[in-house]
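[1] okay, sequence plus prediction incoming.
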Amino acid sequence: MKAILAVTVSALLLVQPLMSLRIPTTKTQHKLLLHSVIRPVPEASRVGLDKCKMCIDFADQALNELLNIILQGGVIGGCADLCNALASKTSPAIGTVCNLLCDIVGIEEFIKIVQNADLDPIYYCELLPLCPINDNGDAKFSVFEVNPTSGPQGKFDIDFTYVSQNGTGTGEISIEIDTVDGIPLGQAFLHELAPAGTFNGDIQLNAQPDPDCDPSQGPCEQWLPGDYTVKIAICNGECGSKHPHSKVYDEAQATFTITQ
């Protein structure tokens, strides 16, 4: 299982949630990726994106619990029963979003979508449907580099540029790092529907041991001296998914060296 690089990085195409509800994260924060700065989507292209992001944030945290509740046969009635059961296992905020999404399609269709999504948040939100689909999209990296290329433990900037001729569908940017000590590190970030154009990204990597990492909860990366390979992929849908509306647009890699 890959360790999580971070969960506080902003979505690739920065938009504000349509709702003021804040869904608390349940993932461990390893504080490796500190921040990202991406050119935002033009205002005219934002229609529908806020609901999509809200849906994916919800699905990322709730799909597994929802599926368990359904498989255990704990739902008798409608959306309120299902979502109240979910809220009792997660949080009231997640239960509220569940009710909003379930009411869109009704309880029977909502359950079918949860089952068909197979724990894929993006595909789930496309089925509702709240996330837009573009199966004719494309993207290609023109720049991918890590700066500095060599240095002591500390902060490294991961810079990238991609070009799209036909725009992109709802998908992901995935980052993976091959480490000296063999601990697999990775994180994927939501890449919302974007028009054709050139997009620049910057992610700051905190390449030093996390003092808050608990070894009883998983391996702690030590950032030993040596060579590291950073791999990036931009995808339509979830990277690696076999569901419809999913494919890898492009991949790239770069290296950096920790000297001490």
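    Received, thanks.

[2] what's the distance between residue 167 and residue 126?
    Using CB to CB, to the nearest Å, residue 167 is found at 16 Å from residue 126. C-beta: built from backbone N, CA, C; applies to glycine.

[3] show the backbone phi and psi for residue 256.
    Phi and psi for residue 256, reported as degrees, to the nearest 10, are phi -150, psi 160.

[4] which one is it nearest to, not counting chain neighbours?
    Distance criterion CB to CB, 6 or more residues apart in numbering; nearest residue to residue 256, sequence neighbours excluded, is residue 146 at 4.2 Å.

[5] tell me how many other residues crowd that neighbour.
    Around residue 146 there are 23 other residues, counting by other CB atoms under 10 Å.

[6] with residue 114 instead?
    By other CB under 10 Å, the residues close to residue 114 number 22.

[7] with residue 113 instead?
    22.

[8] isn't there a helix covering it?
    Yes. Under DSSP: H, G, I helix; E, B strand; the rest coil, residue 113 sits within a helix.

[9] quick one, what contacts the spatially closest residue to it that is not a sequence neighbour?
    Excluding its sequence neighbours, the residue lying closest to residue 113 (CB to CB, 6+ apart) is residue 127, at 4.6 Å. Listed by CB atoms under 8 Å, 6 or more residues apart in numbering, the contact partners of residue 127 are 113, 116-117.

[10] same question for stretch 164-179, mean pLDDT?
    Here stretch 164-179 scores 96 as its mean pLDDT.

[11] off-centre distance for it?
    Relative to the centre of its chain, stretch 164-179 is centred 10 Å away, using CA atoms, centre = their mean, to the nearest Å.

[12] roughly how far apart are residue 231 and residue 249?
    Taken as CB to CB, the spacing of residue 231 relative to residue 249 amounts to 14 Å.

[13] the two: which has the busier surroundings?
    Comparing residue 231 with residue 249 by neighbour count (other CB under 10 Å), the higher total belongs to residue 249, at 20 against 15.

[14] name the element the closest residue to residue 207 other than its chain neighbours belongs to?
    Once flanking residues are discounted, residue 207 sits nearest to residue 223: 5.0 Å by CB to CB, 6+ apart. Taking DSSP states H and E as the definition, one finds residue 223 inside no helix or strand.

[15] how many other residues sit next to residue 223?
    Look at residue 223: counted by other CB under 10 Å, it has 22 neighbours.

[16] so what's it up against?
    Contacts of residue 223 by CB under 8 Å, 6+ apart are 153, 179-180, 207-209, 258.

[17] TSV for those, including neighbour count, secondary structure and distance to residue 85?
    As requested, the contacts of residue 223 are exported to TSV (neighbours: other CB atoms under 10 Å; DSSP: H, G, I helix; E, B strand; the rest coil; distance: CB to CB, whole Å):
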residue	neighbour count	secondary structure	distance to residue 85
153	16	coil	46
179	20	coil	40
180	15	coil	45
207	20	strand	42
208	16	coil	42
209	13	coil	40
258	20	strand	47
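
[18] with just CA atoms, put stretch 238-248 into PDB.
    The C-alpha coordinates for stretch 238-248 follow below in PDB (Å, rounded to 0.1, in the frame of the first residue of the first chain):
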ATOM      1  CA  GLU A 238      -9.300   7.800 -12.000                       C
ATOM      2  CA  CYS A 239      -5.800   6.800 -13.000                       C
ATOM      3  CA  GLY A 240      -5.700   3.000 -13.500                       C
ATOM      4  CA  SER A 241      -9.500   2.700 -13.600                       C
ATOM      5  CA  LYS A 242     -11.100   0.200 -16.000                       C
ATOM      6  CA  HIS A 243     -14.400   2.000 -15.900                       C
ATOM      7  CA  PRO A 244     -15.900   4.000 -18.900                       C
ATOM      8  CA  HIS A 245     -14.600   7.500 -19.400                       C
ATOM      9  CA  SER A 246     -11.100   6.500 -18.000                       C
ATOM     10  CA  LYS A 247      -7.700   6.600 -19.700                       C
ATOM     11  CA  VAL A 248      -4.200   7.900 -19.100                       C
END
